[in-house]
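Novice: Sequence and predicted structure, then a few things I'm wondering about:
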Amino acid sequence: MTDRTKAIAKLVARLLVTAALLWYAFRQVDLRELGQVARSARWSYLVGAWLFAATFFVIQSMAMRLILRRQGCDVGVGTLFAASSVTVLYGLILPGILSTGIKWYILKKHTGKGTNVLSSMLYNQVMLSAAMTVVGLVALILTNPTRVLLPGVRHDWILPVVCVTLLVLVISLCVLLLNARTGAVVTRCFIALLKPLPRGIQERAEKVFTQLALFQSAGARFHLTIGAVNIFDGLVIGVLIYFCAARAVHVTVGLGVLVWLWAAVYLLSKVPISVANLGIREVTLVGLLAAYGIGKPSALAMSMALFTGVLFMAALGAVFQLAWAAQARWAPETSESNKPPA
């Protein structure tokens, strides 16, 4: 099987999974009730969700600029925001890694340093995922939704204990992996643990660890700065996105619940089984919010409100794409017109 055939097969599989998840989510709701919820949506909150979605990407662009500067690449926040928006646009069509490749290509073309851009993007994704994991685990510890999600369970202390254990594990692994003294040892341990897995997975993991090794000499202050920016972006801006989307469709739950829901949906989006996280977000929100007394039509409407934020970013990406295309088209003519007369 050729690489092209494999890529097509993976795309078809993701489209089928996406369709199946969406079918399952919509099958659980009355479409007339869903329509009523949608018609009563409060647009002021919906616009707020869009603006906070854009703010989330602006802050991510700031973090990415710091990371790229560490790699000797100077890219403006505006360019990084535009590249992220275009990536969201292509993410509606292409599966995860291919749409991310668009961002890599844009930044590589801008900097001329493809390897540095790749390592920066991988580092940023690892740090953001770790930050979202920490935020989600802390929210689960503080809210302890065991009694709500699993009524009748006596040992409601189990979830907080598990979350504390995972929290310590995640933080310890990040510290050891990104430390100049211990990073190489931890990397070798991880690679050894991955040997039973298929060769393709091993090669991807080794590539990630190799790229992360470039940041092991960055120092604790640099890692803490990036971590703090990502935690702020996830804990404050991300939750505001969810808060606005919830209020837009009259969904009311505690902020702590929104924190771990947002973290859970974000981390699940990293599992490459659907397109643009469609289906995963819907099934997760419909299933979990039902335990808090939220009607399934309202939960699905909230998911749709969140997806409009993705569409808003994709629309911005389309604007940037068209602007770049127009600039590329007129640049040669401009250069010719600026030539001095013979």
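Specialist: It's in.
Novice: shaky segments in the chain?
Specialist: Within the chain, the stretches falling below the threshold (pLDDT under 70) are 1-3, 7, 94-99, 331-342.
Novice: Grab the most central residue of it for me.
Specialist: The residue lying closest to the centre of the chain (CA atoms, centre = their mean) is residue 266, at 5.4 Å.
Novice: Could I get the contacting residues of it?
Specialist: Residues in contact with residue 266 (CB atoms under 8 Å, 6 or more residues apart in numbering) are 132, 234, 238. Using the backbone N, CA and C atoms, a C-beta is placed for each residue, glycine as well.
Novice: For it, what is the enclosing helix or strand?
Specialist: Secondary structure from DSSP states H and E places residue 266 in helix 255-268.
Novice: Tell me the buried residues in stretch 73-84?
Specialist: Counting neighbours by 16 or more other CB atoms under 10 Å, one finds that the buried residues in stretch 73-84 are 73, 75, 79, 80, 81, 82, 83, 84.
Novice: just to revisit the earlier point, any idea how far the helix or strand just after the helix holding residue 266 is from the chain center?
Specialist: Proceeding N to C from helix 255-268, the next assigned helix or strand is helix 280-289, under DSSP H and E. Helix 280-289 sits 17 Å away from the centroid of its parent chain (CA atoms, centre = their mean, to the nearest Å).
Novice: What is helix 280-289 packed up against?
Specialist: Counting contacts by 3 or more CB pairs under 8 Å, 6 or more residues apart in numbering; DSSP states H and E, helix 280-289 is packed against helix 3-27, helix 255-268, helix 296-337.
Novice: now the helix holding residue 266, how far from the centre of its chain.
Specialist: 12 Å.
Novice: List the buried residues in it.
Specialist: Taking 16+ other CB under 10 Å as the criterion, helix 255-268 shows 256, 257, 258, 259, 260, 261, 262, 263, 264, 265, 266 as buried.
Novice: nearest residue to residue 241 other than its sequence neighbours?
Specialist: Nearest residue to residue 241 in three dimensions, chain neighbours excluded: residue 52, at 4.6 Å (CB to CB, 6 or more residues apart in numbering).
Novice: Residue 320 now?
Specialist: The spatial neighbour of residue 320 that comes closest, neighbours along the chain excluded (CB to CB, 6+ apart), is residue 82 at 4.2 Å.
Novice: Which strand or helix spans that neighbour?
Specialist: Secondary structure assigned from DSSP H and E places residue 82 in helix 77-91.
Novice: Against which helices or strands is the following helix or strand past that helix packed?
Specialist: For helix 77-91, the succeeding helix or strand toward the C-terminus, using DSSP H and E, is helix 96-111. Helices and strands in packing contact with helix 96-111 are listed as helix 77-91, helix 114-143; criterion 3+ CB pairs under 8 Å, 6+ apart.
Novice: Show me the helices in the stretch 151-300 of the chain, by range?
Specialist: Here the stretch 151-300 of the chain has its helices, by DSSP state H, counting those that start in this stretch, at 158-177, 183-193, 199-212, 220-232, 239-248, 255-268, 280-289, 296-337.
Novice: Mind putting these into CSV with distance to residue 20?
Specialist: CSV is the format used below for these (distance: least, CB to CB, whole Å):
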stretch, distance to residue 20
helix 158-177, 29
helix 183-193, 32
helix 199-212, 24
helix 220-232, 32
helix 239-248, 24
helix 255-268, 15
helix 280-289, 10
helix 296-337, 16
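Novice: quick one: which of the ones you listed is nearest residue 32?
Specialist: Closest to residue 32 of those is helix 296-337 (CB to CB; 8.8 Å).
Novice: Okay, angle between that closest one and helix 96-111 too, please.
Specialist: On the basis of axes from the mean of the first three to the mean of the last three CA atoms, to 10 degrees, helix 296-337 is oriented at 30 degrees to helix 96-111.
Novice: before we move on, back to that, any idea which of the helices and strands packed on helix 280-289 is most buried?
Specialist: Highest mean neighbour count of these: helix 255-268, a mean of 20 (counted as mean count of other CB atoms under 10 Å).
Novice: Render the CA-only coordinates of stretch 51-65 in CSV, please.
Specialist: The C-alpha trace of stretch 51-65 is given here as CSV (Å, rounded to 0.1, in the frame of the first residue of the first chain):
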residue,chain,number,x,y,z
LEU,A,51,-13.8,36.9,20.5
PHE,A,52,-12.4,34.8,23.3
ALA,A,53,-11.5,32.1,20.8
ALA,A,54,-9.5,34.7,18.9
THR,A,55,-7.9,35.8,22.1
PHE,A,56,-6.9,32.2,22.9
PHE,A,57,-5.0,32.0,19.6
VAL,A,58,-3.4,35.5,20.2
ILE,A,59,-2.0,34.3,23.5
GLN,A,60,-0.8,31.1,21.9
SER,A,61,0.9,33.1,19.2
MET,A,62,2.7,35.1,21.9
ALA,A,63,3.9,31.9,23.6
MET,A,64,5.0,30.5,20.2
ARG,A,65,6.9,33.7,19.4
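Novice: neighbours around the residue nearest to residue 17 when sequence neighbours are not counted, how many?
Specialist: Excluding its sequence neighbours, the residue lying closest to residue 17 (CB to CB, 6+ apart) is residue 273, at 5.0 Å. For residue 273, the count of nearby residues is 17 (other CB atoms under 10 Å).
Novice: from what I can see residue 273 touches residue 19, true?
Specialist: No. Residue 273 is beyond contact range of residue 19, at 11.9 Å (criterion: CB atoms under 8 Å).
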